[in-house]
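Q: here is my input, please return the structure:
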Amino acid sequence: MSGSLLHAGTVIGCPHGGRATPATTPSGGARIDGVAVATAAHTYVVTGCPHTVDGVPSPCVSVRWTATTSGVTADGAPVLLDTCAAECFSAALVPQGPPLVQAAQRKVTVR
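A: Prediction:
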């Protein structure tokens, strides 16, 4: 799998317009421009999702990433690429679609 490396400052959104951010700031040693590289060990929360189902609010609240098979790790965990499979979930753990990586840095790519 190839793609651009994600970091803690990458802008990621849910499919309904919410914003996904790391639940905790990654603090590992691997960095891009001083910002920690994102890994499968980091959890992401979604805020501001306006999604409703039949008029009942059902916002995305988290993102779960599938670990890459690139073989590249940071701090022992697979790095996240803009091409990694992921899914946004509601509080009831209902899948609600893939997150959108709105701006990935292009300085580091994995092939």
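Q: quick check: which ranges of this structure have low pLDDT?
A: Flagging of the chain using pLDDT under 70 yields the residue ranges 1, 25-28, 68-70, 103-111.
Q: how about the CA coordinates for the host helix or strand of V61, as PDB?
A: V61 is located in strand 60-65, with elements delineated by DSSP states H and E. Extracted as PDB, the C-alpha positions of strand 60-65 are listed here (Å, rounded to 0.1, in the frame of the first residue of the first chain):
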ATOM      1  CA  CYS A  60     -20.200  10.500  13.900                       C
ATOM      2  CA  VAL A  61     -18.200  10.400  17.200                       C
ATOM      3  CA  SER A  62     -15.100   8.300  16.300                       C
ATOM      4  CA  VAL A  63     -12.900   7.000  13.500                       C
ATOM      5  CA  ARG A  64     -11.400   3.600  13.400                       C
ATOM      6  CA  TRP A  65      -8.400   3.000  11.100                       C
END
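Q: that strand: which residues count as buried?
A: Neighbour-count burial for strand 60-65 flags 60-63, 65 (criterion: 16 or more other CB atoms under 10 Å). For every residue, glycine as well, the C-beta is placed using N, CA and C.
Q: burial measure for the closest residue to V79 other than its chain neighbours, as a count.
A: Computed as CB to CB, 6 or more residues apart in numbering, the closest residue to V79 that is not its neighbour in sequence is V72, at 5.1 Å. Counted with other CB atoms under 10 Å, residues neighbouring V72 total 17.
Q: how near is V72 to C88?
A: Noted for V72: a distance of 24 Å to C88, by CB to CB, to the nearest Å.
Q: repeat that for T73.
A: Remark: distance between T73 and C88 (CB to CB) = 24 Å.
Q: who's more crowded, these two?
A: Relative neighbour count places C88 above the other of T73 and C88, with 28 against 16, counting by other CB under 10 Å.
Q: just say helix, strand or coil for that one.
A: Look at C88: counting by DSSP: H, G, I helix; E, B strand; the rest coil, its state is strand.
Q: who's in contact with it?
A: Contact analysis of C88 by CB atoms under 8 Å, 6 or more residues apart in numbering lists 14-15, 18, 20, 46, 49, 60, 62-63, 95-99.
Q: thank you kindly, that will do.
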